[in-house]
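Chemist: Below is the sequence, then the predicted model.
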Amino acid sequence: MFGIPGKQAVSMTDKAAKQIAKLMTKDGHQGLRIGVKKGGCAGMEYTMDYVTEVDPHDEVVEQDGARIMIAPMAQMFLFGTEIDYTVSLLESGFRFNNPNVTEACGCGESIKFDETLSQKE
């Protein structure tokens, strides 16, 4: 496990927790797995996948009936992140307020992390 003992790797706003809990009720999902992968114009992208089975290596964060799992390779990149869910006239979706991001592309879909985090892998 990466991070500070007793402190969850990520947090969720009430809106995000409510949306994730709602998504969990579909098709027996155990929660959402959050990760990062190489891609996009800034170098990295967030991933979110439904989980039907909890991987014992995942960091599990639960709040108000919502459960997210953080893939092992993503834990150092996501530590301290707040997940929010926003709704507007044109779009709705999850937003990651991540203190580890040093740069983001204009569309907000691609991010870049501090180079020292990549070297810890």
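Modeler: Yep, it's here. Residues are numbered from 1 along each chain as shown.
Chemist: Surely residue 55 and residue 73 touch.
Modeler: No. Using Cβ atoms under 8 Å as the test, residue 55 is too far from residue 73 to be in contact (11.8 Å). For the C-beta atoms, the positions are set from N, CA and C on the backbone; glycine is no exception.
Chemist: confidence score at the residue of the chain most remote from its centre?
Modeler: Each residue of the chain has a distance to the centre, and by Cα atoms, centre = their mean the biggest one is for residue 89: 23.7 Å. Residue 89 carries a pLDDT value of 87.
Chemist: For residue 72, see how far away residue 93 is.
Modeler: For residue 93, the distance to residue 72 (Cβ to Cβ, to the nearest Å) stands at 25 Å.
Chemist: Can you give me the neighbour number for the residue nearest to residue 86 when sequence neighbours are not counted?
Modeler: Distance criterion Cβ to Cβ, 6 or more residues apart in numbering; nearest residue to residue 86, sequence neighbours excluded, is residue 95 at 5.6 Å. Residues lying near residue 95 (other Cβ atoms under 10 Å) number 15.
Chemist: Dig out what residue 95 forms beta bridges with.
Modeler: residue 84 (DSSP bridges).
Chemist: looking at it, residue 64 is touching residue 14, isn't it?
Modeler: Yes. Residue 64 lies in contact with residue 14 (Cβ under 8 Å); the separation is 7.1 Å.
Chemist: mind showing which ranges of this structure have poor pLDDT?
Modeler: The model of the chain has pLDDT under 70 over residues 1-7, 42, 105-121.
Chemist: show me where it has strands.
Modeler: All strands of the chain, identified by DSSP state E, fall at 10-12, 31-38, 44-51, 59-63, 66-70, 81-87, 92-97, 101-104, 110-113.
Chemist: can I get those in TSV with distance to residue 23?
Modeler: Formatted as TSV, the strands of the chain follow (distance: least, Cβ to Cβ, whole Å):
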stretch	distance to residue 23
strand 10-12	12
strand 31-38	7
strand 44-51	7
strand 59-63	14
strand 66-70	9
strand 81-87	10
strand 92-97	10
strand 101-104	24
strand 110-113	23
